[in-house]
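**Q** sequence isn't available, so here's the structure alone:
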């Protein structure tokens, strides 16, 4: 046992406690997600439909190359219930972050104390619970990312046999590809970190003194660049991998006028508990502390550059804050870059003793028991209301139904038929496409609908929704625009009436 291990808890005892902590975090988060009959999150049934299709036909309903779908389907196949399987598989992804964070804490120089600090954070993180319920693909990149950082922080294996060095390199490649292929943001984070680490390495070379750990960061940057070459081959043909065409997704996502940066800018879009506000605020402290550390500790500049650049993009306050999309998801990933950065900065001052280790273990378990908050079941779509609306859709069901986000994949799940939350492409026959329209009053249909007695009239579905053929909907829109009824136009512009055609980046490779 090392001297450090002798001052702290025995390694065997730590392994048992770590396994128990992981199990506790899993159980608490599972209880949170299983407290609802439906999936949590706006895209909950997207994952369920993907799993159902994969299990039934061997291919995804919406083509996607993320390995997370296969993992969700594997667990769902064991449980025999796609909804239950998706929830449990997502919670297992969150649970994997606990041992990964523990290993990273030790590797970054924090010793046993740092290991338990990061493990306790991962066990208690409300944001991990949030990702498990709302964004499993984004969650899938977190544990591999922590392990990539842990391996890069290990001392070089130059004195070790060649086979061990090759094995570590292959493991790094596999983990980096898991990060990059879980979700586009994973690939973007690795690229940013590689660029930042390279800049930090140059800054260290231009600075003063020798650099412990600098070569590891440089090797990591070179590794990521090598993985990028491999990744570029796949992204040319596979859907949902990071691709230059995805830059179109950024168009219109910036709000350069002054506004509150994340997480505070997003508080009005979705209920967020106090603990999650605290967790999402800490990255700003870590980023602020990294700036003076750049000058005071040139030895860790490659790490400061890699983690700092990625964190700056995740927290960039120019992202729009009026929709739960790109900027919101980036904000949720910030803690998983900030916590390693914060530990790296604090590592030299962390106490190391058996008493501190025991205290930290107790704190970890206490925090893990409260890890459930992070996603509010009441913020999920009102699926029971959607049940009543979709029950009123008449037979025969249309070739394609246009329905807003949340309802569209739920319709797919209920009926096995096709729906999407976008306007149909121009080449689709409007007489074979129907849509669920929200917010139009009966008198307004009479006032603005095309006046043709043989045309089918809108069918009320309840809860403010109507069922209408797509060509009649488009004719209704034209008349409303001519008449200039601003109140009605505002209701037609509501997100529950999809009017945007799917952008090209969503159709690439499909």
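**A** Looks like it came in fine. Model, not experiment: these values are computed from the prediction. Residues are numbered from 1 along each chain as shown.
**Q** got the domain boundaries for this structure?
**A** Each structural domain of the chain that the record assigns through automatic domain parsing is listed here as a residue range: 3-378, 383-507.
**Q** please enumerate the helices of the stretch 151-300 of the chain.
**A** Secondary structure of the stretch 151-300 of the chain by DSSP state H, counting those that start in this stretch: the helices cover 162-182, 184-206, 214-235, 274-296.
**Q** do the stretch 1-150 of the chain as well
**A** Secondary structure of the stretch 1-150 of the chain by DSSP H, counting those that start in this stretch: the helices cover 3-7, 11-34, 44-57, 67-79, 82-105, 111-124, 126-134, 136-140, 142-153.
**Q** so where's the stretch 101-250 of the chain shaky on pLDDT?
**A** Along the stretch 101-250 of the chain, the parts satisfying pLDDT under 70 run over 155-160, 162, 207-250.
**Q** oh, I was asking about the chain
**A** Short version for the chain, where the test is pLDDT under 70: 1-9, 155-160, 162, 207-271, 317-325, 354, 370-374, 377-378, 449-455, 504-510.
**Q** name the residue closest to the centre of it, please.
**A** What sits nearest the mean C-alpha location of the chain, by Cα atoms, centre = their mean, is residue 138, with 2.7 Å.
**Q** wait, what's in contact with that one?
**A** For residue 138, the contacting residues are 131, 182, 183, 185, 329, 332, 333, taking Cβ atoms under 8 Å, 6 or more residues apart in numbering as the criterion. C-beta coordinates here come from the backbone N, C-alpha and C atoms, glycine included.
**Q** before we move on, which element is the nearest residue to residue 403 once chain neighbours are set aside in?
**A** Counting by Cβ to Cβ, 6 or more residues apart in numbering, residue 436 is the residue found nearest to residue 403 once chain neighbours are left out, at 4.5 Å. Assigned by DSSP states H and E, residue 436 falls within strand 433-438.
**Q** what's downstream of that strand, the next helix or strand?
**A** Downstream of strand 433-438, the next assigned helix or strand under DSSP H and E is helix 442-448.
**Q** which residues are in contact with the next helix-or-strand element following that following helix?
**A** Moving toward the C-terminus from helix 442-448, the first helix or strand encountered (DSSP H and E) is strand 459-462. Judged by Cβ under 8 Å, 6+ apart, the contacts made with strand 459-462 from elsewhere in the structure are 388, 389, 390, 392, 393, 394, 436, 442, 466, 467, 468.
**Q** now stretch 23-31: buried residues?
**A** Of the residues in stretch 23-31, those scored as buried under the neighbour-count criterion (16 or more other Cβ atoms under 10 Å) are 24, 25, 26, 27, 28, 29, 30.
**Q** any residues touching it, and which ones?
**A** Contact with stretch 23-31 is made by 87-88, 91-92, 94-95, 98, 122-124, 128-129, 132, 365, 368-372, as judged by Cβ under 8 Å, 6+ apart.
**Q** next: stretch 403-422.
**A** With Cβ under 8 Å, 6+ apart, stretch 403-422 has contacts from 42-43, 45-46, 48-49, 52, 61, 381, 383, 386-387, 389-390, 397-402, 435-436, 438, 495-498, 500-502.
**Q** which of the residues you listed count as buried?
**A** 42-43, 45-46, 48-49, 52, 61, 381, 383, 386, 389-390, 397-398, 400-402, 435-436, 438, 496-498.
**Q** of the contacts of residue 138, which count as buried by neighbour count?
**A** For these, a burial check counting by 16+ other Cβ under 10 Å picks out 131, 182, 183, 185, 329, 332, 333.
**Q** any idea how far the last one lies from residue 173?
**A** Think residue 333. Shown here: residue 333 relative to residue 173, a distance of 22 Å by Cβ to Cβ, to the nearest Å.
**Q** again with the third one
**A** Distance of residue 183 to residue 173, given as Cβ to Cβ: 18 Å.
**Q** what's the answer for the second one, then?
**A** Noted for residue 182: a distance of 15 Å to residue 173, by Cβ to Cβ.
**Q** got it, and residue 376?
**A** With distances taken as Cβ to Cβ, residue 376 is found 39 Å from residue 173.
**Q** also residue 483?
**A** Here the criterion is Cβ to Cβ. By it, residue 483 lies 61 Å from residue 173.
**Q** in terms of neighbours, single out the busier of these two.
**A** Here residue 483 and residue 173 are compared on neighbour count by other Cβ atoms under 10 Å; more neighbours surround residue 173, at 16 against 12.
**Q** most widely separated two among the contacts of residue 138?
**A** 182 and 332 (14.0 Å; Cβ to Cβ).
**Q** now do stretch 143-153: everything it contacts.
**A** Under the criterion Cβ under 8 Å, 6+ apart, external residues in contact with stretch 143-153 comprise 93, 96-97, 100-101, 103-104, 106-109, 122, 168, 171-172, 175-176, 178-179, 182, 186, 189-190, 213, 216-217, 219-220, 223, 336, 340.
**Q** filter the residues you listed to the buried ones?
**A** When neighbours are counted using 16+ other Cβ under 10 Å, the contacts of stretch 143-153 contain these buried positions: 93, 96-97, 100-101, 103-104, 106-109, 122, 168, 172, 175-176, 178-179, 182, 186, 189-190, 213, 216-217, 219-220, 223, 336, 340.
**Q** doesn't residue 54 make contact with residue 73?
**A** Yes. Counting by Cβ atoms under 8 Å, residue 73 does reach residue 54; the two are 4.4 Å apart.
**Q** neighbour count for those two, which is higher?
**A** Between residue 73 and residue 54, counted using other Cβ under 10 Å, the more crowded position is residue 73 (23 against 20).
**Q** just the helices in the stretch 401-510 of the chain please.
**A** Assigned by DSSP H, counting those that start in this stretch, the helices in the stretch 401-510 of the chain fall at 407-415, 442-448, 470-483, 486-492, 504-507.
**Q** ranking the ones you listed by burial, who's on top?
**A** helix 407-415 (a mean of 22; mean count of other Cβ atoms under 10 Å).
**Q** sorry, back to before: tilt between the strand holding residue 436 and helix 407-415?
**A** Following axes from the mean of the first three to the mean of the last three Cα atoms, to 10 degrees, one obtains 120 degrees for the angle between strand 433-438 and helix 407-415.
**Q** tell me what strand 433-438 is packed against?
**A** Counting contacts by 3 or more Cβ pairs under 8 Å, 6 or more residues apart in numbering; DSSP states H and E, strand 433-438 is packed against strand 400-402, strand 465-469, helix 470-483.
**Q** other SSEs contacting the shortest one?
**A** Looking back up the chat, that one is strand 400-402. If contacts are counted by 3+ Cβ pairs under 8 Å, 6+ apart, strand 400-402 sits against helix 407-415, strand 419-420, strand 433-438.
**Q** between the first one and helix 82-105, how many degrees?
**A** Okay, so that is helix 407-415. Between helix 407-415 and helix 82-105, the angle formed by their directions is 130 degrees, by the same axes, to 10 degrees.
**Q** list the beta-bridge partners for the nearest residue to residue 424 once chain neighbours are set aside.
**A** Nearest residue to residue 424 in three dimensions, chain neighbours excluded: residue 433, at 5.1 Å (Cβ to Cβ, 6+ apart). Legend: beta-bridge partners of residue 433 under DSSP bridges are residue 400.
**Q** residue 433 contacts residue 425, correct?
**A** No. In this structure, residue 433 sits apart from residue 425 without contact. The criterion is Cβ under 8 Å, and the distance is 10.0 Å.
**Q** for the strand holding residue 436, which outside residues touch it?
**A** Contacts of strand 433-438 from elsewhere in the structure, counted by Cβ under 8 Å, 6+ apart, are 389, 393, 398-404, 407, 424, 458, 461, 464-470, 473, 491, 494, 496-498.
**Q** pull the distance from stretch 103-112 to the chain's centre.
**A** When distances are taken as Cα atoms, centre = their mean, to the nearest Å, stretch 103-112 is centred 25 Å away from the chain's centroid.
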